[in-house]
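Trainee: got a structure for you, letters missing:
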Ligand SMILES: Cc1cc2nc3c(=O)[nH]c(=O)nc-3n(C[C@H](O)[C@H](O)[C@H](O)COP(=O)(O)OP(=O)(O)OC[C@H]3O[C@@H](n4cnc5c(N)ncnc54)[C@H](O)[C@@H]3O)c2cc1C
């Protein structure tokens with residue numbers, strides 16, 4: 001028997017901020033970027049197709065690296 005529970009993520013509180021699908025998943029690109037610059041997401045609550053521990057961990061790492069990359073670029077002095 002395969003027990004499947006909790007298919008809808010708890011993302012109601014994000015309404016009117018980042019883009020969600022009609023299944024309330026946070027829309028992310030392959031870098032974990034959401035529709036709002038500087039906000040990244042990962043794991044089961046996103047449009048990541050597979051909901052498994054190892055994929056959630058991988059997408060968490062990707063989102064963290066993308067956030068780091070975003071901060072480095074966003075804080076670079078103008079003209080550099
Ligand atoms: C019954 C079941 C069996 C599973 N078996 C397997 C398996 O054998 N192998 C496998 O790889 N995967 C399995 N999974 C899937 C795996 O558990 C998930 O893919 C993984 O936990 C996703 O990690 P996550 O960090 O994205 O989300 P989660 O582990 O769900 O973590 C999200 C966290 O956010 C917290 N949270 C939610 N809303 C808020 C809020 N508003 N404010 C603050 N915190 C909040 C939650 O309490 C939770 O601690 C199973 C899942 C279920 C339900």
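Mentor: Cool, the structure landed. Every value quoted in this text rests on a predicted model; they were computed, and no experiment measured them.

Trainee: in the protein, which segments are predicted with low confidence?
Mentor: Along the chain, the parts satisfying pLDDT under 70 run over 6, 76, 78, 80.

Trainee: What parts of it come near the ligand?
Mentor: Counting by C-beta under 6 Å from any ligand atom, the residues of the chain close to the ligand are 3, 5, 6, 10, 13, 43, 44, 51, 52, 53, 54, 56. In short, each C-beta sits where N, CA and C put it, glycine included.

Trainee: Show me how to select, in ChimeraX, the buried members of those.
Mentor: Selection of the buried residues among the residues of the chain next to the ligand in ChimeraX, burial being defined by 16 or more other C-beta atoms under 10 Å:
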select :43,44,51,56
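
Trainee: Tell me which residues touch residue 32, please.
Mentor: Residues near residue 32 by C-beta atoms under 8 Å, 6 or more residues apart in numbering: 40, 41, 42, 46, 59, 62, 63, 66.

Trainee: just these now: which is nearest the ligand?
Mentor: Each of the contacts of residue 32 was checked against the ligand using C-beta to the nearest ligand atom; the closest is residue 42, at 6.5 Å.

Trainee: Now the closest one: which helix or strand?
Mentor: Using DSSP states H and E, residue 42 falls within no helix or strand.

Trainee: what about it, neighbour count?
Mentor: 21 (other C-beta atoms under 10 Å).

Trainee: Correct me if wrong: it contacts residue 60.
Mentor: Yes - because the distance of 4.3 Å satisfies C-beta atoms under 8 Å, residue 42 is recorded as touching residue 60.

Trainee: center of the protein - which residue?
Mentor: The centroid of the chain falls nearest to residue 41 when counting by C-alpha atoms, centre = their mean (1.9 Å).

Trainee: Could I get the contacting residues of the spatially closest residue to that one that is not a sequence neighbour?
Mentor: Distance criterion C-beta to C-beta, 6 or more residues apart in numbering; nearest residue to residue 41, sequence neighbours excluded, is residue 26 at 4.4 Å. Shown in contact with residue 26 (C-beta under 8 Å, 6+ apart): 9, 11, 14, 18, 19, 20, 34, 41, 45, 46, 47.
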